[in-house]
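Peer 1: this one's structure only:
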Ligand code: ADP
Ligand code: MG
């Protein structure tokens, strides 16, 4: 008898075991049983042949309608044409020099047929399909009883293993199963009315009815969510056990002075989040908090207040930005919000004042050296930087807080590299560029506490978004340029975003997973600028910005733009996140269909930051009825970043939804879909939390502890792989 760890060789024999290993990577009974059916075919319910499309790899259930074997004209050999039907439509199967198959494929027999749909003489066909006939009354050979049930599982097949051969192997494995150790605590299993693990595996592969299969699938999906949440809950509990320096808010400090001089009133949402963060900072274990907020909701000032609280306690804060443009902007914004409070150490300044410094990869040796000294001596209470902050040469006197701005560009590894620079584990605040649905946050950032800023500061004006179809309505594009002229005439500024730097550079947009390698004529910054300068935007002050410009040039351009010395900034997506110039009121996005939904929402978030209404124009050559156009209409239809993020994620593969931060666990997620299985994830989270609250080491659940260890080991292995 076998259990889940039994080698397949002992169950299916040497040769088949090899095929299973190379085909689907299965070595043990457990591996094989985790190769779940994609769907079921019901004996007698034939597949709708009219739906088959040329090029599809299909497995269909059909009935033999006619057979016809003949010699090939003028050549040696025979051709057997078998026509199968679903009762309405027909499909032909062709076999060369296999006329003997006619004996098998008798009229009226039903079978599974697998192959790639081709077209010959205008008719769809499968040539040399694999097939397996369903036993009927006339079959004495009861050995083929893998089809005994009414429901035939259809597996993701490989070239060497059609679905029913897998079904045969899986049947052998299921039949050989002895006891299966169920790692799911019985109390949880019973509460949800789930079958045992053994029942679930048997029912999923060989259901007696669809309900049974559904329940099995529910249970196995829950297992995935539960183990993942358990991993995250345990990790969170472990983080809570670490010691950190408590940084309670101090009276009469820098923070208090800052608040007095703040030019606006904090929103209720900001105050709420600030209270949560201050509570965390005062604790003697490290904060691990995710701050997600709508674009423009004012995350920076929230983070800055946390940094100031840490400075007041004698510590330092590091602010990690995803791009140089953003790091430079943070330096400008923070220094100007602080005013004289950033002149620490200078004569006549406030006693509470500190210094703010910047570390980036491309700054010159002298300014880098100065910045390194300020960080190492502790004179700089706030150190802003790009990934250059992670370099070994950067040291801190007392790093108390790490703020990661616009998280989706930073991985866990980078965060960890920075943590290594502090004595005791520092407090960590992560801010996301894109608000994401709750269960995705729970899964991707499940070891973090989450704060959400939904409201925008009051006084914000509406942003209107229009799709501009460049091909159908070229006059609309002309109108876009004149709208820019009008805004500039009113003292405002504009962004124009293009997907490429120049004709030869690759696209700087994120929809390549949809477009593959297909190359289209895309607008580039360097081509667009002279055309507009000498044409529709003649006379306006225009500047270019993209990632390949030298640091100084980028810095100078952004500074000039934010001070109103440039009217129109023509840029790549380097301005995608974070850039904050409230006087800008228009953004025109060229080839908008090449950008992801969340990316467009972020780009649009560059405007509507001040007191004047904003206009966002999405220029596209995509045809009116295309899915690309539908995506753009969705962006035009709402300003709700959470909703758009959902639309965005729905179009991505599950792996992309989870992102790099979960790559180790990803291979364990076969059934779970974070967007679809929300209530299941919620349930799994609270079950995992309760369990750990009562039994932190899972002492009473050895099988579960073992399963968790496997998952943790895979995560770590994956982490090490990435170096
Ligand atoms: P994001 O959350 O997208 O990072 P920012 O932090 O850049 O947003 O804030 C957007 C703009 O709103 C900034 O110009 C900031 O100074 C301003 N702001 C932040 N909080 C408030 C507030 N409570 N009232 C008015 N303006 C605010
Ligand atoms: Mg920001």
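Peer 2: Nice, I can see it. Everything numeric here is computed off the predicted structure, so don't read it as measured data. Ligands and ions are numbered 1, 2, ... in the order given.
Peer 1: C-alpha only now, for contacts and for neighbours.
Peer 2: Fine.
Peer 1: give me the element the residue in the stretch 451-600 of the chain that ligand 1 sits nearest to is part of.
Peer 2: The stretch 451-600 of the chain approaches ligand 1 most closely through residue 457 (4.5 Å), counting by Cα to the nearest ligand atom. Using DSSP states H and E, residue 457 is not contained in any helix or strand.
Peer 1: looking at the protein, which residue lies furthest from center?
Peer 2: Here the chain reaches farthest from its C-alpha mean at residue 74, the gap being 58.4 Å by Cα atoms, centre = their mean.
Peer 1: Phi, psi for it please.
Peer 2: The phi and psi values for residue 74, taken as degrees, to the nearest 10, are phi 70, psi 0.
Peer 1: Begin at 24, not 1, for the rest of this chat.
Peer 2: In the new numbering, first residue 24, that becomes residue 97.
Peer 1: Poorly predicted segments of the stretch 424-573 of the chain, please.
Peer 2: 430-438, 530-543 (pLDDT under 70).
Peer 1: for the stretch 74-223 of the chain, that is, sorry about that
Peer 2: Ranges of the stretch 74-223 of the chain meeting pLDDT under 70: 159-172, 180, 182.
Peer 1: What segments of it are strands?
Peer 2: Here the stretch 74-223 of the chain has its strands, by DSSP state E, counting those that start in this stretch, at 80-94, 101-108, 113-119, 133-143, 146-150, 153-156, 174-177.
Peer 1: Can you lay out those as a markdown table showing distance to residue 505 and mean neighbour count?
Peer 2: Formatted as a markdown table, the strands of the stretch 74-223 of the chain follow (distance: least, Cα to Cα, whole Å; neighbours: other Cα atoms under 10 Å):
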| stretch | distance to residue 505 | mean neighbour count |
| --- | --- | --- |
| strand 80-94 | 51 | 19 |
| strand 101-108 | 61 | 21 |
| strand 113-119 | 58 | 20 |
| strand 133-143 | 52 | 20 |
| strand 146-150 | 53 | 20 |
| strand 153-156 | 63 | 18 |
| strand 174-177 | 58 | 22 |
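Peer 1: Nearest to ligand 1, out of these?
Peer 2: strand 80-94 (45.8 Å).
Peer 1: Tell me the strands beside the closest one, with direction?
Peer 2: strand 101-108 (antiparallel), strand 133-143 (antiparallel) (DSSP bridges).
Peer 1: how about the strands of the stretch 74-223 of the chain, which one is nearest residue 622?
Peer 2: strand 80-94 (34.1 Å; Cα to Cα).
Peer 1: So the residue of the stretch 474-623 of the chain closest to ligand 1 is in contact with residue 290, correct?
Peer 2: Yes - using Cα atoms under 8 Å, residue 480 is in contact with residue 290, at 6.0 Å.
Peer 1: mind listing the strands for the stretch 524-673 of the chain?
Peer 2: Going by DSSP E, counting those that start in this stretch, the stretch 524-673 of the chain shows strands at 565-568, 591-594, 607-612, 637-643.
Peer 1: of all these, which gets the most neighbours per residue?
Peer 2: Ranked by mean neighbour count under mean count of other Cα atoms under 10 Å, the strands of the stretch 524-673 of the chain are led by strand 607-612, which reaches a mean of 28.
Peer 1: Please name the bridge partners of residue 94.
Peer 2: residue 101.
Peer 1: Ok, residue 642 next?
Peer 2: When bridges are called by DSSP bridges, residue 642 pairs up with residue 491.
Peer 1: and it, what does it touch?
Peer 2: 490, 491, 492, 493, 500, 611, 612, 613, 614, 615 (Cα atoms under 8 Å, 6 or more residues apart in numbering).
Peer 1: now it: how far from ligand 1?
Peer 2: To ligand 1, residue 642 is 24 Å away according to Cα to the nearest ligand atom, to the nearest Å.
Peer 1: residues contacting the residue of the stretch 474-623 of the chain closest to ligand 1?
Peer 2: So residue 480 contacts 289, 290, 320, 321 (Cα under 8 Å, 6+ apart).
Peer 1: Would you list the phi and psi of it?
Peer 2: Per-residue torsions, residue 480: phi -50, psi 150 (degrees, to the nearest 10).
Peer 1: ok, which residues in the stretch 624-746 of the chain are in contact with ligand 1?
Peer 2: Contact residues (Cα under 6 Å from any ligand atom) of the stretch 624-746 of the chain with ligand 1: residue 632.
Peer 1: possible to save the strands paired with strand 80-94 as JSON lines with distance to residue 275?
Peer 2: Converted to JSON lines, these look like this (distance: least, Cα to Cα, whole Å):
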{"stretch": "strand 101-108", "distance to residue 275": "84"}
{"stretch": "strand 133-143", "distance to residue 275": "75"}
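Peer 1: Please convert those to TSV, extending it with distance to ligand 1.
Peer 2: Shown next, in TSV, are the strands paired with strand 80-94 (distance: least, Cα to the nearest ligand atom, whole Å):
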stretch	distance to ligand 1
strand 101-108	59
strand 133-143	49
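Peer 1: Any buried residues in stretch 261-268, and which?
Peer 2: Within stretch 261-268, the residues that count as buried by 16 or more other Cα atoms under 10 Å are 262, 263, 267, 268.
Peer 1: Check which helices and strands the helix or strand harbouring residue 258 is in contact with.
Peer 2: Using DSSP H and E, the element containing residue 258 is helix 233-264. For helix 233-264, the packing partners by 3 or more Cα pairs under 8 Å, 6 or more residues apart in numbering; DSSP states H and E come out as helix 220-228, helix 701-717, helix 725-744.
Peer 1: so what's residue 565 up against?
Peer 2: Neighbours of residue 565 in contact, by Cα under 8 Å, 6+ apart: 552, 556, 589, 590, 591, 592, 593.
Peer 1: one more time with 7 Å
Peer 2: For residue 565, the contacting residues are 589, 590, 591, 592, by Cα atoms under 7 Å, 6 or more residues apart in numbering.
Peer 1: partners of it in the sheet?
Peer 2: Going by DSSP bridges, residue 565 is paired in beta bridges with residue 591.
Peer 1: hang on, the earlier thing: could you export the strands of the stretch 74-223 of the chain as TSV, including distance to residue 428?
Peer 2: Converted to TSV, the strands of the stretch 74-223 of the chain look like this (distance: least, Cα to Cα, whole Å):
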stretch	distance to residue 428
strand 80-94	45
strand 101-108	59
strand 113-119	57
strand 133-143	48
strand 146-150	54
strand 153-156	54
strand 174-177	46
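Peer 1: Quick check: which of the helices and strands packed on helix 233-264 is buried the most?
Peer 2: Burial of the helices and strands packed on helix 233-264 is given as mean neighbour count (mean count of other Cα under 10 Å); helix 220-228 ranks first at a mean of 22.
Peer 1: Off-centre distance for that helix?
Peer 2: Remark: helix 220-228 is offset 31 Å from the chain centroid, using Cα atoms, centre = their mean, to the nearest Å.
Peer 1: try stretch 332-339
Peer 2: From the chain centre to the centre of stretch 332-339 is a distance of 35 Å (Cα atoms, centre = their mean).
Peer 1: So for it, what gets flagged as buried?
Peer 2: By 16+ other Cα under 10 Å, the buried positions in stretch 332-339 come out as 332, 333, 334, 335, 336, 338, 339.
Peer 1: One more: stretch 563-576?
Peer 2: So for stretch 563-576, counting by 16+ other Cα under 10 Å, buried means 563, 564, 565, 566, 567, 568, 569, 570, 574.
Peer 1: Near ligand 1, which residues of the stretch 474-623 of the chain? Just list them.
Peer 2: Contacts of the stretch 474-623 of the chain with ligand 1, taken as Cα under 6 Å from any ligand atom, map to 480, 601, 603.
Peer 1: okay, now the domains of the protein?
Peer 2: If you go by automatic domain parsing, the domain ranges for the chain are 64-177, 277-476, 486-661.
Peer 1: Can you check the distance spanned by the second one, start to finish?
Peer 2: Put plainly, it is domain 277-476. Start and end residues of domain 277-476 are separated by 25 Å (Cα to Cα, to the nearest Å).
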